[in-house]
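Visitor: model this:
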Amino acid sequence: MILAANLIWFVFGGGFFAWLGWIICGSILCCTVVGIPFGIAAFRIAGFSAFPFGKELVDARELGEERIIGTGLANFLWIILAGIWLAIGHILAGIGCFLSFILIFPIFFGIAHFKLVEVCFSPLGKRVINRY
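Guide: Residues are numbered from 1 along each chain as shown. This next block holds a predicted model:
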């Protein structure tokens, strides 16, 4: 069931475009040495945004990893450079999914987009885990 939901999400729910946005953002950020950690985080989130069902994004400290000094400051810079723009895109896509209430799938897709909005504001120090 999760596989089917992920495939439907990727093709019809905006998963491809969410993935593409994160990949483009990560590629642009990797053009500079300072942006490489941000780009790596964006690539990690790209996989999550392509297939979000059955997965969860958790803080790395919950998995026993130590937090790198400066992650909070780096997340603040991320919000200014890329996070706010990706969040706006996911909010608009989520609203669009909720407004197309004719089908039941768009409701779940809207929820997935709003789950990705949370990720837009602090991708550094997060890890993707499988829930099932």
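
Visitor: Show me the helices in this structure, by range?
Guide: Assigned by DSSP state H, the helices in the chain fall at 2-12, 15-29, 36-50, 71-78, 84-99, 105-120.

Visitor: For the third one, what is the distance to the chain centroid?
Guide: Between the centre of helix 36-50 and the centre of its chain there are 8 Å (CA atoms, centre = their mean, to the nearest Å).

Visitor: now swap in the first one and tell me
Guide: Put simply, helix 2-12 sits 16 Å off its chain's centre (CA atoms, centre = their mean).

Visitor: just checking, what packs against it?
Guide: For helix 2-12, the elements it packs on are helix 15-29, helix 105-120, judged by 3 or more CB pairs under 8 Å, 6 or more residues apart in numbering; DSSP states H and E. Backbone N, C-alpha and C define where each C-beta goes, glycine included.

Visitor: Pick out the shakiest of those helices, pLDDT-wise.
Guide: For the helices and strands packed on helix 2-12, the weakest mean pLDDT is recorded on helix 105-120, namely a mean of 81.

Visitor: That helix to helix 15-29, inter-axis angle?
Guide: Angle of helix 105-120 versus helix 15-29, following axes from the mean of the first three to the mean of the last three CA atoms, to 10 degrees, is 20 degrees.

Visitor: Can you lay out the helices of the chain as a markdown table showing mean neighbour count?
Guide: Shown next, in a markdown table, are these (neighbours: other CB atoms under 10 Å):
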| stretch | mean neighbour count |
| --- | --- |
| helix 2-12 | 15 |
| helix 15-29 | 19 |
| helix 36-50 | 20 |
| helix 71-78 | 16 |
| helix 84-99 | 17 |
| helix 105-120 | 19 |
